[in-house]
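> Test case, fold it:
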Amino acid sequence: MLMAMFRSLRMFFWGSVLLTGLLMGCASPQESAIHEVLQMQQDAWNAGDIETFMQGYLNSDSLRFAGAGGEIRGWQSTLERYQRVYPDRAAMGTLTFDLREIRILGDKHAIVFGAYALDRENDQPTGLFTLILEYTEEGWRIVHDHTSVDRIPDVHENIE
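Predicted coordinates for the structure are as follows:
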């Protein structure tokens, strides 16, 4: 009788350890929803569809994009920047996101840190990004995007 009780306790303990490990390895519903938004953006980009890519951003004049070209305010201005910088499929290349951290900051805000890579015929630019997302009636939307381009040394520089 005592041995049967001990076995039951041991099974309960290891079952609890396994369940806790599984739950900790799973993303929260918010993290999953944010991941879906960024996956949608990656898929739209790779389909050459900047307008659908832009659905990941809050359609508002308060949207802020900061990158190598400076700061841009507003959804329409951000769309126009993407269209100007990436006028065709060759310029867009194939985008890959590497989401390194999604941190939920409350019920309505999150921050995402990641890296991106573009694979194009003549180059493969890469960089880092930090996104602030807000939960809206439409779901999670990017309200602030700070994207950097990795510095590619000039071939004439002396690299040590």
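
> can you pull the pLDDT of the nearest residue to residue 102 once chain neighbours are set aside?
Excluding its sequence neighbours, the residue lying closest to residue 102 (CB to CB, 6 or more residues apart in numbering) is residue 31, at 4.7 Å. All C-beta spots, glycine's among them, are computed from the backbone N, C-alpha and C. Turning to residue 31, the model gives it a pLDDT of 97.

> so is residue 31 in a helix, a strand, or just coil?
Following DSSP: H, G, I helix; E, B strand; the rest coil, the label given to residue 31 is helix.

> what's the closest residue to residue 38 other than its chain neighbours sitting at in phi/psi?
Distance criterion CB to CB, 6+ apart; nearest residue to residue 38, sequence neighbours excluded, is residue 97 at 5.7 Å. Dihedral pair for residue 97: phi -100, psi 140, per degrees, to the nearest 10.

> neighbouring contacts of stretch 71-91?
If you take CB atoms under 8 Å, 6 or more residues apart in numbering as the criterion, stretch 71-91 is touched by 48, 50-51, 53-54, 57-66, 69, 92, 120-121, 145.

> Buried residues of that stretch, list them for me.
Neighbour-count burial for stretch 71-91, with 16 or more other CB atoms under 10 Å as criterion, is recorded at 72, 74, 75, 78, 79, 82, 86.

> With distance to residue 140 and secondary structure as added columns, please give the residues you listed in a markdown table.
Below are those laid out as a markdown table (distance: CB to CB, whole Å; DSSP: H, G, I helix; E, B strand; the rest coil):
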| residue | distance to residue 140 | secondary structure |
| --- | --- | --- |
| 72 | 21 | strand |
| 74 | 19 | coil |
| 75 | 15 | helix |
| 78 | 17 | helix |
| 79 | 19 | helix |
| 82 | 20 | helix |
| 86 | 23 | coil |
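
> and those, which two are the farthest apart?
74 and 86 (18.1 Å; CB to CB).

> what's near enough to touch residue 134?
58, 108, 109, 140, 141, 143.
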